[in-house]
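**Student:** Pasting the sequence and the predicted coordinates here, then a few questions.
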Amino acid sequence: MSQSTPALEIEDLTKEYEDVTALDGVSLTVPEGSFFGLLGPNGAGKTTFINTLVGLVRKSGGTARVFGHDVEDDYREARNAIGLAPQEFNVDRFFPIREVLEHKAGYHGIPASEAKARADKVLKQVGIYDKRDTRFDWLSGGMKRRFLLARALITDPDLLILDEPSAGVDVQLRRDLWDLVTELNEQGTTILLTTHYIEEAERLCDEVAILDSGSIRAVATPTELKGRGADRIIVELRDPPATLPDLLADDSRVESVDLDGHRLTITARKGGLVAPDLVRELDRAGLEIVDLEIARTSLEEIFVEMTRTDESDASPEERATDSVDETEEPSEEQPVAPDGGQPAAEGGRQ
Ligand SMILES: Nc1ncnc2c1ncn2[C@@H]1O[C@H](COP(=O)(O)OP(=O)(O)OP(=O)(O)O)[C@@H](O)[C@H]1O
């Protein structure tokens, strides 16, 4: 693997499920070593995207390579490079969790003696080593999430994929997970994170892609994305002017100027840079400022703006409260077909 090979190279990836187009020509490059966020509302295609990478879903068109390995032609190499912590609890529930990890390691060709040591190491890493002899069913919801991460780490993957890792977990666990994945990223593991939690993406990711209805709407750093939205400069004036002076007339960054009694609201891109000019102009017009506040666009507002649809008016907060339905009994991860070449299709999500 050369230094310059991206962790993911996706070109025009499509997936059709009968009458649903889940991926509609996705092209994306995730550089090696990055902490990459994939953001999108429910049904955007995030899980389908991930499942095509790990062979749980067979793509309809396009190409996808993991560290240069085609996800279908070089399935095993591509799959071995990935550690996936899925959204759903697709775990063998009847064995002690350490055994589940050893079995997973064996499936990826790791010798038994090493598998044992690795299982202990990852259980310690995620903080559930004392539960090693417990079966999955008997773990608490938070411990189950930790276990999924341990299972993803057992193969020491170059690309760690976390599908909604914070769904239904408490604040403490979320922070523990953040610390752990940040540390892994600093040690060189590429991270692909899907999330509804904008705060999570903003805090962790150095680049994010916004996926909506199977299409990529934007790829940028969280800061760049925020720069695309308009800020609000709210000024409290001592005496309301009888008429609104012609403020910042030639400034292309300014979108609107509204006066409501004492309160003047300017909507502008790069509000922090517009504010000093505004202060000068108000001073020149003889209007005394009592208070000035800049309300910056949040990544969340940008996200809502980019993914707004007529059919759904659910807010990200409403979406974010979605938690994992633990009553679901999803299928086990599908192994490759006996010929070793082709991944099982549609195994994960029916
Ligand atoms: N096995 C399947 N058969 C038919 N349609 C499917 C299947 N899996 C997913 N879909 C559809 O494909 C679209 C994308 O779904 P997907 O689960 O990939 O979205 P998502 O972004 O992961 O959503 P969420 O955030 O809710 O998990 C949805 O319209 C979904 O109903």
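**Tutor:** Thanks, I have it. Numbers count the residues shown, from 1 in each chain.
**Student:** hey, let's count contacts and neighbours off CA atoms from now on
**Tutor:** Fine.
**Student:** Show me the helices in the stretch 151-300 of the chain, by range?
**Tutor:** Secondary structure of the stretch 151-300 of the chain, counting by DSSP state H, counting those that start in this stretch: helices at 171-186, 198-204, 222-227, 271-284, 299-307.
**Student:** Out of those, flag the one nearest residue 213.
**Tutor:** helix 299-307 (8.5 Å; C-alpha to C-alpha).
**Student:** Turn the helices of the stretch 151-300 of the chain into CSV, including distance to the ligand.
**Tutor:** Formatted as CSV, those follow (distance: least, C-alpha to the nearest ligand atom, whole Å):
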stretch, distance to the ligand
helix 171-186, 18
helix 198-204, 13
helix 222-227, 19
helix 271-284, 33
helix 299-307, 12
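**Student:** Among those helices, show the one with the smallest mean pLDDT.
**Tutor:** Of all those, the minimum mean pLDDT falls on helix 299-307 (a mean of 80).
**Student:** Show me what it is packed up against.
**Tutor:** helix 198-204, helix 222-227 (3 or more C-alpha pairs under 8 Å, 6 or more residues apart in numbering; DSSP states H and E).
**Student:** Rebuild the helices of the stretch 151-300 of the chain as CSV, extending it with mean neighbour count and distance to residue 32.
**Tutor:** Output for the helices of the stretch 151-300 of the chain, formatted as CSV (neighbours: other C-alpha atoms under 10 Å; distance: least, C-alpha to C-alpha, whole Å):
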stretch, mean neighbour count, distance to residue 32
helix 171-186, 15, 10
helix 198-204, 18, 16
helix 222-227, 18, 18
helix 271-284, 15, 34
helix 299-307, 18, 24
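**Student:** hang on, the earlier thing: redo the helices and strands packed on helix 299-307 as a markdown table? Include distance to residue 91.
**Tutor:** Output for the helices and strands packed on helix 299-307, formatted as a markdown table (distance: least, C-alpha to C-alpha, whole Å):
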| stretch | distance to residue 91 |
| --- | --- |
| helix 198-204 | 26 |
| helix 222-227 | 34 |
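**Student:** With respect to residue 159, which of the ones you listed lies nearest?
**Tutor:** Taking the helices and strands packed on helix 299-307 one by one with C-alpha to C-alpha, helix 198-204 is closest: 15.6 Å.
**Student:** what's in contact with that closest one?
**Tutor:** Helix 198-204 is contacted from outside by 35, 37, 39, 178, 182, 195, 208, 222, 299, 300, using C-alpha atoms under 8 Å, 6 or more residues apart in numbering.
**Student:** distance between stretch 247-257 and the chain's centre?
**Tutor:** 35 Å (C-alpha atoms, centre = their mean, to the nearest Å).
**Student:** So what touches it?
**Tutor:** 230, 264-270, 274, 277-278, 281-282.
**Student:** First-to-last residue distance for that stretch?
**Tutor:** Using C-alpha to C-alpha, to the nearest Å, one end of stretch 247-257 lies 8 Å from the other.
**Student:** Repeat that for stretch 179-197.
**Tutor:** 16 Å.
**Student:** What are the contacting residues of it?
**Tutor:** 7, 31-41, 46, 125-126, 157-166, 201, 204, 316, 319-320.
**Student:** Would you write out the PyMOL command that picks the buried residues out of those?
**Tutor:** Buried members of the contacts of stretch 179-197, defined by 16 or more other C-alpha atoms under 10 Å, are picked up in PyMOL with:
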select buried, resi 7+31+32+33+34+35+36+37+38+39+40+41+46+126+157+158+159+160+161+162+163+164+165+166+201+204+316+320
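**Student:** The closest residue to residue 234 other than its chain neighbours and residue 135, how far apart?
**Tutor:** Sequence neighbours aside, residue 265 is the residue nearest to residue 234 in space, at 4.6 Å (criterion: C-alpha to C-alpha, 6 or more residues apart in numbering). Distance, residue 265 to residue 135, using C-alpha to C-alpha: 58 Å.
**Student:** Also residue 239?
**Tutor:** Residue 239 is 70 Å from residue 135, by C-alpha to C-alpha.
**Student:** cool, residue 33 as well?
**Tutor:** Residue 33 is 34 Å from residue 135, by C-alpha to C-alpha.
**Student:** same check, this time on residue 250
**Tutor:** 67 Å.
**Student:** higher neighbour count, those two?
**Tutor:** The neighbour comparison of residue 250 against residue 135 (other C-alpha atoms under 10 Å) goes to residue 135, with 17 against 8.
**Student:** May I have the beta-bridge partners of that one?
**Tutor:** residue 96 (DSSP bridges).
**Student:** which residues sit in contact with it?
**Tutor:** For residue 135, counting by C-alpha under 8 Å, 6+ apart, the contacting residues are 93, 94, 95, 96, 97.
**Student:** and of those residues, the nearest to the ligand?
**Tutor:** residue 93 (22.4 Å; C-alpha to the nearest ligand atom).
**Student:** Could you check how many residues crowd around the closest one?
**Tutor:** Neighbour tally, residue 93, other C-alpha under 10 Å: 14.
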